[in-house]
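*Asks:* sequence-free structure coming up:
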């Protein structure tokens with residue numbers, strides 16, 4: 001779970017890492033006038049995605065009128081699909097140099113890594129690709145929350161050789177505290193980019209802190225301290241669909257931006273699987289079928305997991321959510337009944353289609369397959385439902401049993417959906 005910059009800085013301060021003075025955090029432009037600020041100031045959009053500076057989401061102001069205009073502009077921005085709803089106002093620091101300090105985990109080896117670079121304030125991944133010699137990476141094999149003194153010194157001296165105005169001891173103090181913080185809060189990433197060298201010492205003018213979701217139960221005190229009651233993604237706030245799914249009790253992740261501009265030559269595929277594994281398979285298979293047979297014209301919209309033994313109501317809501325989403329053109333579903341019942345699943349699906357027909361809501365074609373637990377009862381119910389309400393279920397194309405493999409069902413459904421849209425497949 002990623003923290004906003006101003007939240008991460010609050011944690012930094014609690015661990016003894018210096019940050020610029022924060023004048024306030026505002027949620028609408030008119031709130032700026034109530035702040036007691038000293039110029040010049042930094043105005044920063046608080047969004048949980050990178051690239052804020054390049055997108056115009058960070059501004060400097062030397063006077064009140066300039067600051068007010070900048071604040072108004074920031075609140076009008078959308079950065080990578082996420083509207084700016086919060087702006088932090090903080091003091092501008094006097095810069096004599098800039099560097100990068102960060103701790104993370106190497107995913108291939110699960111080894112903690114401490115990294116530093118005198119190239120601060122720029123994309124550290126780009127530095128790693130183009131000038132790897134500008135970064136020092138030290139793998140940490142100890143489980144201690146403290147770095148060995150010799151490691152801290154080596155990292156600090158690597159920074160100081162290209163930062164003539166920096167003090168080695170002060171840099172060493174920041175390096176040690178960053179790693180200790182990384183360990184203390186169960187972080188996946190803890191970094192400062194840039195760490196400015198100022199006349200008053202190193203100053204963390206930016207802060208990134210991503211906490212491991214699996215360890216949040218250990219970090220309740222920290223979350224309470226920050227006033228955080230809702231879990232976030234590593235990169236962004238939950239979307240409206242993700243909040244709706246969470247309230248309904250099932251996992252859901254949007255794979256596309258909320259303000260997506262759809263390509264008229266493509267179809268956008270909502271996925272309702274029978275479990276997390278089937279959900280991942282379905283995403284992969286939609287992409288695979290699309291590339292192999294459909295000129296790359298099908299795009300998966302979401303990941304979803306019904307969980308074990310979902311209720312009829314929950315199943316219905318999964319389909320309602322996708323059919324309410326204007327990005328979705330067609331729904332692919334699969335029920336491989338093990339813990340979960342095919343009978344409950346089909347009743348939930350039929351309930352959703354009947355309710356939408358009754359309420360004159362959008363009905364999308366649903367293609368899928370159903371096998372497993374309670375299949376005979378599910379088949380009997382579906383056959384009767386089609387006879388009783390053929391109009392309500394006219395868009396339901398469900399294979400019952402093992403007559404066709406799921407990959408073929410996906411290919412058939414996507415081809416028909418494209419042709420119905422007038423795109424030759």
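*Replies:* That came through fine. In this text the structure is predicted, and so the values were computed from the model without any measurement.
*Asks:* okay, buried residues for the helix or strand hosting residue 383 please.
*Replies:* Assessed by DSSP states H and E, residue 383 sits inside helix 375-388. For helix 375-388, a neighbour-count test (16 or more other C-beta atoms under 10 Å) marks 375, 378-379, 381-382, 385 as buried. Where C-beta positions appear, they are placed from N, C-alpha and C, glycine not excepted.
*Asks:* possible to save the residues you listed as TSV with pLDDT and distance to residue 102?
*Replies:* TSV is the format used below for the buried residues of helix 375-388 (pLDDT from 0 to 100; distance: C-beta to C-beta, whole Å):
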residue	pLDDT	distance to residue 102
375	92	52
378	93	52
379	95	56
381	96	56
382	96	55
385	97	57
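*Asks:* residue 360: which of those is nearest?
*Replies:* Each of those was scored against residue 360 by C-beta to C-beta, and residue 385 proved nearest at 19.7 Å.
*Asks:* I'd say that closest one and residue 391 touch.
*Replies:* No: using C-beta atoms under 8 Å, residue 385 makes no contact with residue 391, being 11.8 Å away.
*Asks:* picking up where we left off before, helix or strand right after the helix holding residue 383?
*Replies:* Past helix 375-388, the next helix or strand by DSSP H and E is strand 396-400.
*Asks:* the next helix or strand after that following strand packs against which elements?
*Replies:* Using DSSP H and E, the next helix or strand after strand 396-400 towards the C-terminus is helix 406-420. Other helices and strands packing on helix 406-420, by 3 or more C-beta pairs under 8 Å, 6 or more residues apart in numbering; DSSP states H and E, are strand 267-272, helix 276-293, strand 330-337, strand 366-372, strand 396-400.
*Asks:* what residue spans form the domains of this protein?
*Replies:* 21-91, 97-226, 240-420 (automatic domain parsing).
*Asks:* format those domains as CSV; extra columns: distance to residue 3.
*Replies:* Formatted as CSV, the domains of the chain follow (distance: least, C-beta to C-beta, whole Å):
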stretch, distance to residue 3
domain 21-91, 8
domain 97-226, 5
domain 240-420, 18
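*Asks:* please name whichever of those is nearest to residue 6.
*Replies:* That would be, of the domains of the chain and by C-beta to C-beta, domain 21-91, which comes in at 4.5 Å.
*Asks:* quick one: end-to-end length of the closest one, please.
*Replies:* Using C-alpha to C-alpha, to the nearest Å, the end-to-end distance of domain 21-91 comes out at 5 Å.
*Asks:* mean confidence score for it?
*Replies:* Mean pLDDT, domain 21-91: 93.
*Asks:* likewise for stretch 103-115?
*Replies:* Mean predicted confidence for stretch 103-115 is 89.
*Asks:* what does that stretch contact?
*Replies:* With C-beta atoms under 8 Å, 6 or more residues apart in numbering as the test, stretch 103-115 has contacts from 100-102, 124, 135-141, 147, 151, 155, 175, 178-179, 182-183, 187-191.
*Asks:* apart from its neighbours in sequence, what residue is nearest residue 357?
*Replies:* With C-beta to C-beta, 6 or more residues apart in numbering as the criterion, residue 357 has its nearest non-adjacent residue at 4.1 Å, and that residue is residue 392.
*Asks:* and the buried residues of helix 375-388, which is closest to residue 352?
*Replies:* When the buried residues of helix 375-388 are ranked by distance to residue 352 (C-beta to C-beta), residue 385 comes first, at 12.1 Å.
*Asks:* how about the helices in the stretch 201-350 of the chain?
*Replies:* 220-226, 240-248, 276-293, 312-323, 342-358 (DSSP state H, counting those that start in this stretch).
*Asks:* to residue 63, which of those helices lies closest?
*Replies:* Of these, nearest to residue 63 by C-beta to C-beta is helix 220-226, at 32.3 Å.
*Asks:* ok now the closest one, how far from the chain's centre?
*Replies:* 21 Å (C-alpha atoms, centre = their mean, to the nearest Å).
*Asks:* then stretch 208-216?
*Replies:* With C-alpha atoms, centre = their mean, you get 13 Å for stretch 208-216.
*Asks:* next: stretch 265-280.
*Replies:* On C-alpha atoms, centre = their mean, the centre of stretch 265-280 falls 18 Å from that of its chain.
*Asks:* give me the buried positions along that stretch.
*Replies:* Here stretch 265-280 shows 266-275, 278-279 as buried, counting by 16+ other C-beta under 10 Å.
*Asks:* columns pLDDT and distance to residue 1 on top of these, output as TSV?
*Replies:* Below are these laid out as TSV (pLDDT from 0 to 100; distance: C-beta to C-beta, whole Å):
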residue	pLDDT	distance to residue 1
266	95	32
267	95	33
268	97	28
269	97	28
270	97	26
271	96	24
272	95	26
273	89	24
274	80	27
275	79	24
278	82	26
279	87	21
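*Asks:* rewinding a little: closest to residue 4 out of the domains of the chain?
*Replies:* Closest among the domains of the chain, once you apply C-beta to C-beta, is domain 21-91, at 4.6 Å.
*Asks:* can you give the distance of the closest one from its chain's centre?
*Replies:* 22 Å.
*Asks:* before we move on, what about stretch 310-319?
*Replies:* 24 Å.
*Asks:* for the protein, give me the ranges with low pLDDT.
*Replies:* Confidence mapping of the chain against pLDDT under 70 gives the ranges 232-237, 337, 425.
*Asks:* longest strand of it?
*Replies:* Ranked by residue count and defined by DSSP state E, the top strand of the chain is strand 187-198.
*Asks:* buried residues in that strand?
*Replies:* 187-198.
*Asks:* list the contacts of the nearest residue to residue 354 once chain neighbours are set aside.
*Replies:* Closest residue to residue 354 apart from its sequence neighbours, by C-beta to C-beta, 6+ apart: residue 392 at 4.7 Å. By C-beta under 8 Å, 6+ apart, the contact set of residue 392 is 350, 353-354, 357-358.
*Asks:* before we move on, the earlier item: other residues contacting the longest strand of the chain?
*Replies:* In contact with strand 187-198 (C-beta under 8 Å, 6+ apart) are residues 12, 17, 93-105, 120-121, 124, 163, 165-166, 174, 178-179, 181-182, 202-212, 234.
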